[in-house]
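> Build me a model:
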Amino acid sequence: MRRRNNETKTWKWICLRTNAMFLRKINAQCKDISQQLHISMDPQLESRQPSDLHFEKLQPANENYGGKHIRVFGSYVAREAMVDEEYWTAAWLRAESHWESQLYVRYIDSYKRKFAEQEFSALKRRCTGQQTQKSYCIVGVKKEENNVKRMVLNSILGTLDMSIQHLLRGRNFPGGTTRTCISTCLHGGYNQERYGYVSNLCVAKFARRQGIASNMLYLAIDAAKASGVDQIFVHVDKDNKPAQKLYEKIGFQMVEEEFPNLSMERNYLLCFKM
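All right, here's what the predicted structure looks like:
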């Protein structure tokens with residue numbers, strides 16, 4: 001019995017020593033990675049926000065709005081972005097939303113800045129005619145008040161993208177194919193049929209449940225109708241129940257044909273038909 005106890009103690013000591021050595025090795029590796037991340041993500045070494053933006057710029061007056069699409073509701077207005085500072089604020093809002101559930105990540109502010117810079121550049125390309133497809137950056141802003149002037153950064157509370165795209169040949173919807181047209185898909189090209197596609201919908205945390213998201217969507221639908229399309233698609237994370245309920249409330253329905261096994265997919269495809 002005593003010999004067995006000694007063997008057990010010896011085995012425990014070996015296990016503890018092995019675990020300690022393993023942990024020291026892991027900690028050393030983590031320290032090296034941390035130092036590398038610190039060097040690569042140091043804010044002083046990262047590219048700055050676009051230097052030609054003026055973040056003290058006041059919110060543009062609604063009467064100066066030159067776009068076709070605008071929707072007034074309660075204390076807010078949904079419309080297209082007008083100036084670069086609004087594009088940047090929309091990009092930053094999307095960065096905040098993207099990293100919202102990952103606050104434990106080190107150097108998260110640097111990641112947010114990089115994300116916002118890339119999204120700002122992409123927004124400008126999409127919405128200023130640098131790409132073939134028509135795109136809208138819709139924002140939800142606070143309505144103007146008498147004798148109250150707000151900066152752009154404090155005015156935008158929500159944003160989404162709505163683009164007009166062509167279906168690829170042999171496809172009934174984004175990502176789907178018909179059995180009779182698979183051979184056509186191999187040759188590429190586009191159908192004449194167009195559709196609207198909604199993406200990047202987000203609202204600031206403190207401004208949610210005030211109708212901003214739904215009214216931006218209604219405005220996107222109006223813009224799609226004006227562009228002559230009769231259906232709008234959107235992908236939504238299958239675990240994002242609030243977003244699913246929002247789209248269903250607006251009138252979107254799930255495209256079941258694309259997902260024969262829904263449990264294996266991360267995103268659902270929803271469709272709104274005019």
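> Give the lowest-confidence helix or strand of the protein, using mean pLDDT as the measure.
Of the helices and strands making up the chain, the lowest-confidence element is helix 182-185, at a mean of 40, by mean pLDDT, DSSP states H and E.
> State the mean pLDDT of the following helix or strand past that helix.
Once the chain leaves helix 182-185, the next helix or strand it forms, by DSSP states H and E, is strand 190-203. Averaged over strand 190-203, pLDDT sits at 85.
> buried ones in strand 190-203?
Arg194, Tyr195, Gly196, Tyr197, Val198, Asn200, Leu201, Cys202, Val203 (16 or more other CB atoms under 10 Å). Glycine gets a C-beta too; all of them are placed from N, C-alpha and C.
> just stretch 97-105 next, same as before
Under 16+ other CB under 10 Å, the buried positions of stretch 97-105 are Ser97, His98.
> any idea of the mean pLDDT in stretch 244-262?
The pLDDT scores in stretch 244-262 average 80.
> so where do the helices sit in the protein?
Assigned by DSSP state H, the chain shows helices spanning 2-41, 84-98, 108-127, 182-185, 212-226, 241-250.
> Could you tell me the least trusted of these?
helix 182-185 (a mean of 40).
> Quickly note the distance from Phe55 to Val203.
For Phe55, the distance to Val203 equals 21 Å [CB to CB, to the nearest Å].
> for Lys112, same thing?
17 Å.
> same question, Ala213
5 Å.
> tell me, what's touching these two both at once?
Listed as contacting both Ala213 and Val203 by CB atoms under 8 Å, 6 or more residues apart in numbering are Gly140, Gly158.
> quick one on the thing from earlier: for the buried residues of strand 190-203, name the two members farthest from one another.
Arg194 and Val203 (27.7 Å; CB to CB).
> I'd say Glu193 and Gln165 touch.
No - checked against CB atoms under 8 Å, the pair Glu193 and Gln165 is beyond contact range at 10.0 Å.
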